[in-house]
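Undergrad: sharing a sequence plus its predicted fold:
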Amino acid sequence: MTAAVQGGLPGVLQRWLRKAVPATPAELAAALWSFGYFFALLAGYYVLRPLRDQMGIAGGTRALPWLFTATFVTLLAAQPVYGALVARLPRARFIPIVYHFFVLNLAIFWLLLALDVAPVIVARVFFVWVSVFNLFAVAVFWSFMADLFTSEQGKRLFGFIGAGGTAGALLGPVITIALSVPLGPHNLLIAAIVFLEIAVFCAARLERSVGSPQGQRHSEQRVGGSVFAGLSGLVRSPYLLGVAAWVSLLSFGATMLYLMQANLVSANVQGAGAQTRIFASVDLIVGLLTLATQVFATGHFLKRFGTGIAAAALPAVYVVGFVVLWWSPGLMVVLVFQVVQRWMNFAIANPARQVFFTVVGREEKYKAKNMIDVVVYRGSDALYSWVYDSVQALGLKIGAIALCAVPVALGWTLLSLALGRRQERRAGLQDGHAKEQSA
């Protein structure tokens, strides 16, 4: 497999790949197809993200808590369907089905937007749909990665694979900035459709590139189990409950900051085009910073400091950011805070969080992980959006809300360190068991 890949490349490119990709020769093809898969997936999403944010404002910022709640309800309805697919179909079949379903949805949205059918209602439904799509599509991807790679491989490769997503996240905003005004935002959905189909192609090639007997067996076997095994697996495992709490606190910080940003942009920036470009510009800056970090630092950081320190880096940013926002609650501070926290999340904390799942069982990787990444996350979004709305109704301004959030971010930091210690112990036990079997 890998020899064929390397044999078809010029010598200079082969040497560059060996330096840039922290993979062994046997892992190279899988790492490159994973990179391409995530690149196409996030390029499609980041074409849609600024449009979603603008439509959220177009529907009225007061409606945002309702939109977060609608997203959570939609995910609850979709979860059993996803659980049934995972239980009954092998990985190589249910992954393309999920993405082709999203492509069909995008085609319907394009038609409705092109015909200007009920624009406010469609805008709100589109906001909910993109929020659902983002979590489901990315959760399926990372479940696939946790199923393919071990904890040790994840520490080396997840930064590089994440860089593929970051490169896609860079391309998406560039397309949006360049084409949203001349072509009209709704025509950007066509570009997103193309990227999703490329992602499906890369996923299929990734399945073929897996050279280990274990990887091929997993590709052909059903995950099995109950449709609702994700919930039962979650509540039985203190470790997974801790990861779920981490994800909920991630939602707390992101939701608080997102609603602060939405209110300040709505109040200070006029015009859908200008608002969309601000959101796309934030995405572009985050992508540039993240890509540089993932290529040159993420793998080394995870190997040197471990998953606990890496996961704790994000809540530490929130502690500092909320304190600064309490001191100076302005639009520019919010935008800078948004850039820094998303940079730290994508470059350092998210790869660490994905490594957390390499030490659980295969069913948990697809079902409990999806429950955490999708239902817990969006349920927390809905909860915290109403918390924000309530404290705002009580008269608290952005600075006061930020100050109240600081102790929560501190607790999140301590949880990160504890989870890192548990993950390292589990990985050590798995390595010991693997050595006993090979002896």
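TA: Yep, it's here. Numbers count the residues shown, from 1 in each chain.

Undergrad: which SS state does the nearest residue to Trp33 once chain neighbours are set aside fall under?
TA: Nearest residue to Trp33 in three dimensions, chain neighbours excluded: Leu206, at 3.9 Å (C-beta to C-beta, 6 or more residues apart in numbering). In short, each C-beta sits where N, CA and C put it, glycine included. Here Leu206 is helix, with the state taken from DSSP: H, G, I helix; E, B strand; the rest coil.

Undergrad: list the contacts of Leu206.
TA: Ala30, Trp33, Ser34, Tyr37, Phe144, Leu148 (C-beta atoms under 8 Å, 6 or more residues apart in numbering).

Undergrad: turn those residues into JSON lines, including pLDDT.
TA: Output for those, formatted as JSON lines (pLDDT from 0 to 100):
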{"residue": "Ala30", "pLDDT": "90"}
{"residue": "Trp33", "pLDDT": "93"}
{"residue": "Ser34", "pLDDT": "94"}
{"residue": "Tyr37", "pLDDT": "96"}
{"residue": "Phe144", "pLDDT": "88"}
{"residue": "Leu148", "pLDDT": "87"}
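
Undergrad: now the helices for the stretch 201-350 of the chain?
TA: Remark: helices assigned in the stretch 201-350 of the chain by DSSP state H, counting those that start in this stretch are 213-220, 229-235, 238-268, 272-293, 299-327, 331-344, 350-356.

Undergrad: chain neighbours aside, what residue packs nearest to Arg277?
TA: Ile177 (5.9 Å).

Undergrad: which strand or helix spans the one you found?
TA: helix 151-183 (DSSP states H and E).

Undergrad: one step back: against Ala199, how distant is the residue nearest to Trp33?
TA: 10 Å (C-beta to C-beta, to the nearest Å).

Undergrad: and for Leu291?
TA: Taken as C-beta to C-beta, the span from Leu291 to Ala199 is 18 Å.

Undergrad: out of those two, which sits in the busier spot?
TA: Ala199 (28 against 21; other C-beta atoms under 10 Å).

Undergrad: what sits against the more buried one?
TA: Tyr37, Ala40, Leu41, Gly44, Tyr99.

Undergrad: of those, which pair is most distant in space?
TA: Tyr37 and Gly44 (11.5 Å; C-beta to C-beta).

Undergrad: who has more neighbours, those two?
TA: Higher neighbour count among Tyr37 and Gly44: Gly44, with 31 against 27, using other C-beta under 10 Å.

Undergrad: what's near enough to touch the residue nearest to the more buried one when sequence neighbours are not counted?
TA: Of all residues beyond its chain neighbours, the one nearest Gly44 is Phe195 (3.3 Å), with distances taken as C-beta to C-beta, 6+ apart. By C-beta under 8 Å, 6+ apart, the residues touching Phe195 are Ala40, Leu41, Ala43, Gly44, Val47, Gly168.
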